[in-house]
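Undergrad: Fold the following, please.
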Amino acid sequence: MDIVRAQQKHLDEVARLFDLYRQLYEYEADIELARQFLSEPILNDDYHAYSLEL
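TA: This is a model prediction of the structure:
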């Protein structure tokens, strides 16, 4: 298992996790909103999220 900086190929996984995180704080599930929120920063390499690669 490797920990890598999130890239475009990780967007679906990171968005799913971010959406679950939002739901912890009682926001409605909205995977598309999560994808939109994360997509530009990840594409521009401005977002410092990490992903596990198995």
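Undergrad: looking at the protein, which helix or strand is least sure?
TA: Every helix and strand of the chain was ranked by mean pLDDT, DSSP states H and E. The lowest is strand 50-53, at a mean of 61.
Undergrad: Could you say which helix or strand holds the residue nearest to the spatial centre of the chain?
TA: In the chain, the residue lying closest to the centroid (CA atoms, centre = their mean) is V14, at 2.5 Å. In this assignment (DSSP states H and E), V14 forms part of helix 11-24.
Undergrad: cool, E32 as well?
TA: Here E32, judged by DSSP H and E, is contained in helix 31-43.
Undergrad: where's M1 relative to E32, distance?
TA: Between M1 and E32 the computed distance is 29 Å (CB to CB, to the nearest Å). Every residue, glycine included, has its C-beta placed from N, CA and C.
Undergrad: Of these two, give the one with the bigger neighbour count.
TA: A direct count of neighbours by other CB atoms under 10 Å for M1 and E32 places E32 higher, at 9 against 5.
Undergrad: what secondary structure does I3 sit in?
TA: State at I3, reduced to three classes by DSSP: H, G, I helix; E, B strand; the rest coil: strand.
Undergrad: And it, how far from S39?
TA: Noted for I3: a distance of 21 Å to S39, by CB to CB.
Undergrad: Give me the more crowded residue out of the two.
TA: When I3 is set against S39 and neighbours are counted by other CB under 10 Å, the residue ahead is S39, at 15 against 8.
Undergrad: thought that one was touching L11?
TA: Yes: here S39 lies in contact with L11, judged by CB atoms under 8 Å, at a distance of 6.0 Å.
Undergrad: Identify each buried residue in the helix holding E32, please.
TA: Neighbour counts using 16 or more other CB atoms under 10 Å place A34, R35, L38, I42 of helix 31-43 among the buried residues.
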